[in-house]
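1. Pasting a predicted model and its sequence here:
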Amino acid sequence: MSTVSEEPVSSIDKYKNAEGGWRLHHVKGDLFSCREDEVLAHCISEDCRMGAGIAVKFKKQFSGVDELKKQKKVPGQCAVLKRNKRFVYYLITKEKYSHKPTYDNLRQSLVDMKSHCLQNGVTGISMPRIGCGLDRLSWDKVEEMLKQCPEAARDVCPEEEETQHTRDCVWSSCLG
């Protein structure tokens, strides 16, 4: 079990989406302590720098920067690493690390990720509040975007116990 050295976040509400979108289950917990077969996702830039925020932890935990670069993904696409029993999704939301993402690029990268999920039998994804940390997207807008995902699904992710080092995680079931 690894720990995330982030400050604890405030209260998290639970949310179950109505029909027609992703079901989101907000959890306060360590994203990296989930099961080894749990699929993970986060946002990065096309240049794959991953030099700040939670991206640093993904880079350290899963390495594979050269493997990601060889995929030649552009903003609006999703790069993928396979690590043992899990996929790790890298949503490409901007060209360079110093840029800010657009909602359109995030939406397109989510669609690309969903396509990979459908092709590979993925039914649940664990992720932080994507695009809302250092990238400063509005969580209200991102959450609404996730709700609008056209396929409803069951919630398959368990709640994590609160630990000393917690971060706000979104456990989303994106596919049925």
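-> Yep, that arrived.

2. Lowest-scoring secondary structure element of this structure by mean pLDDT?
-> strand 167-173 (a mean of 48; mean pLDDT, DSSP states H and E).

3. Tyr90 contacts Gln77, correct?
-> No. If you go by C-beta atoms under 8 Å, Tyr90 and Gln77 don't touch, sitting 9.4 Å apart. Placement of C-beta: from N, CA and C, glycine included.

4. Just say helix, strand or coil for Lys69.
-> helix (DSSP: H, G, I helix; E, B strand; the rest coil).

5. how much space is there between it and Lys28?
-> Shown here: Lys69 relative to Lys28, a distance of 33 Å by C-beta to C-beta, to the nearest Å.

6. And those two? Which one has more around it.
-> Higher neighbour count among Lys69 and Lys28: Lys28, with 18 against 13, using other C-beta atoms under 10 Å.

7. ok, and what's touching stretch 55-63?
-> For stretch 55-63, contacts defined as C-beta atoms under 8 Å, 6 or more residues apart in numbering pick out 2, 4, 32, 40, 42-44, 49-50, 65, 81, 83, 88, 90.

8. Farthest pair within these?
-> Ser2 and Arg49 (21.8 Å; C-beta to C-beta).

9. wait, is His26 part of a helix?
-> No. Applying three-state DSSP, one finds His26 to be strand, outside a helix.

10. any idea of the pLDDT on it?
-> Looking at His26, its pLDDT is 80.

11. how about stretch 55-62: buried residues?
-> Within stretch 55-62, the residues that count as buried by 16 or more other C-beta atoms under 10 Å are Ala55, Lys57, Phe58, Lys59, Phe62.

12. wait, which of the residues you listed is closest to Met145?
-> Ala55 (20.1 Å).

13. give me the element the closest one is part of.
-> Here Ala55 sits within helix 54-62, counting by DSSP states H and E.

14. Can I get that helix as CSV, trimmed to CA atoms?
-> Extracted in CSV, the C-alpha atoms of helix 54-62 (Å, rounded to 0.1, in the frame of the first residue of the first chain):
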residue,chain,number,x,y,z
ILE,A,54,-0.5,14.0,-8.9
ALA,A,55,1.2,13.4,-12.3
VAL,A,56,4.5,13.1,-10.6
LYS,A,57,3.1,10.2,-8.5
PHE,A,58,1.8,8.5,-11.7
LYS,A,59,5.2,8.9,-13.3
LYS,A,60,7.0,7.4,-10.3
GLN,A,61,4.5,4.6,-9.8
PHE,A,62,4.1,3.5,-13.4
